[in-house]
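> what shape does this take:
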Amino acid sequence: MEMRKIAFLMASASTGKLSGELARREKILKSFASEETQIDMFGLEKDPEKSHLGTIASGFDSAMGVPTMIRCAIEAEKAGYQAVIGSCAGDPGVRPLREVLTIPVIPSGTVARHMCSMMGRFSLLSPGREGSRSVDMLERGGLMNLVSRHGIGFSVLGVRENPDKAYEAMVREGKNAVEEFRAGSVTYGCMSMAFLPRALKLGDEIGIPAFNPVQTAVKMAELYIDLGIKHSKLLHPIPVRLHKHLGNV
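Next up, the predicted model:
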């Protein structure tokens with residue numbers, strides 16, 4: 001079997017020259033991948049000293065980061081990657097990415113939520129202090145069976161700076177999802193939560209499956225590559241104004 005090649009988009013990273021938190025996260029990515037998969041944290045930063053972990057903590061942050069993410073994704077396809085994964089569980093920029101790429105674009109947060117939905121009622125654990133609240137999102141075919149949202153009381157930066165306390169809050173809110181909302185599974189609305197050192201233990205602690213958006217995105221990317229599935233360019237055509245530049249992408 002030929003080696004699969006997947007890019008985890010992080011425009012502010014220096015591909016192949018990572019250190020610190022970026023290197024730790026890339027190691028986790030590689031641990032989720034099969035032996036026949038090469039997965040890299042792919043970025044545009046040329047100077048390793050300037051390589052850093054970006055932060056998306058608002059709708060404004062998401063919107064401002066999309067143009068750079070698009071450039072990063074285009075370069076990843078040119079470099080021979082067969083699929084790209086977004087680095088934010090909020091999945092910003094999926095539609096424009098699919099318009100400019102011909103390889104699969106994997107929206108990590110959406111994948112995890114749909115995995116939860118296929119097992120029934122589920123809850124979403126997210127950064128923020130909004131507390132627990134009921135959600136009624138029962139769509140056709142059981143997607144999405146979202147019944148509650150739970151703020152864990154930490155911002156995105158707070159999750160990174162206080163990993164142990166953030167994880168304890170995830171356990172607390174996960175148990176609340178089970179006891180108060182009868183959730184059958186949970187997932188996370190933040191990739192920093194998904195990259196916590198103890199994140200994979202959450203399911204055991206709360207007694208129901210906990211779908212990690214990083215892990216499920218990696219596996220979905222591998223599946224798309226194996227099945228030869230790509231998004232339809234009839235549904236996501238290259239924008240007319242970009243044909244001159246992207247016609248051969």
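> which residues touch stretch 153-163?
21, 53, 55-57, 127-129, 152, 165-166, 169, 190, 192-193, 196-198 (C-beta atoms under 8 Å, 6 or more residues apart in numbering). Just so you know, the C-beta spots here come from the backbone N, C-alpha and C atoms, and that holds for glycine as well.
> could you export that stretch as CSV, CA atoms only?
Extracted in CSV, the C-alpha atoms of stretch 153-163 (Å, rounded to 0.1, in the frame of the first residue of the first chain):
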residue,chain,number,x,y,z
GLY,A,153,-15.1,27.7,32.5
PHE,A,154,-11.8,28.2,30.7
SER,A,155,-10.9,30.2,27.6
VAL,A,156,-8.8,28.6,24.8
LEU,A,157,-5.7,30.1,26.4
GLY,A,158,-6.9,29.1,29.8
VAL,A,159,-7.1,25.5,28.6
ARG,A,160,-3.5,25.6,27.4
GLU,A,161,-2.2,27.3,30.5
ASN,A,162,-4.1,25.1,33.0
PRO,A,163,-4.3,21.7,31.4
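> and it, what's buried?
Neighbour-count burial for stretch 153-163 flags 153, 154, 155, 156, 158, 159, 160, 163 (criterion: 16 or more other C-beta atoms under 10 Å).
> strands - which of the residues you listed land there?
Residues of the buried residues of stretch 153-163 located in strands (DSSP state E): none.
> I'd like those laid out as CSV, including pLDDT and distance to residue 83.
Output for the buried residues of stretch 153-163, formatted as CSV (pLDDT from 0 to 100; distance: C-beta to C-beta, whole Å):
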residue, pLDDT, distance to residue 83
153, 94, 34
154, 94, 31
155, 92, 30
156, 92, 25
158, 93, 31
159, 94, 27
160, 94, 26
163, 95, 29
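> can you redo these as CSV with distance to residue 133?
CSV is the format used below for the buried residues of stretch 153-163 (distance: C-beta to C-beta, whole Å):
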residue, distance to residue 133
153, 14
154, 17
155, 18
156, 20
158, 20
159, 20
160, 25
163, 25
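> scan the helices and strands of the protein for the one with the lowest mean pLDDT.
Ranked by mean pLDDT, DSSP states H and E, the weakest helix or strand in the chain is helix 243-246, scoring a mean of 60.
> okay, which residue is most central for this structure?
residue 108 (3.1 Å; C-alpha atoms, centre = their mean).
> can you tell me how far it is from residue 17?
24 Å (C-beta to C-beta, to the nearest Å).
> got it, and residue 106?
Residue 106 is 24 Å from residue 17, where distance means C-beta to C-beta.
> neighbour count winner among those two?
Neighbours were counted for residue 106 and for residue 17 using other C-beta atoms under 10 Å; residue 106 has more, 27 against 15.
> can you pull the contacts of that one?
For residue 106, the contact set (C-beta under 8 Å, 6+ apart) comprises 83, 84, 85, 86, 217, 220, 221, 224.
> in terms of helices and strands, where is the fifth one?
I take that to be residue 217. Element membership for residue 217 (DSSP states H and E) is helix 213-227.
> other residues contacting that helix?
By C-beta under 8 Å, 6+ apart, the residues outside helix 213-227 that reach it are 4, 6, 28-29, 32-34, 37, 39, 82-86, 89, 104, 106-109, 111-112, 115, 187-188, 191, 194-195, 200, 229-230.
> ok, of the residues you listed, which come out buried?
Buried subset of these (neighbour count, 16+ other C-beta under 10 Å): 4, 6, 28-29, 32-33, 37, 39, 82-86, 89, 104, 106-109, 111-112, 115, 187-188, 191, 194-195, 200, 230.
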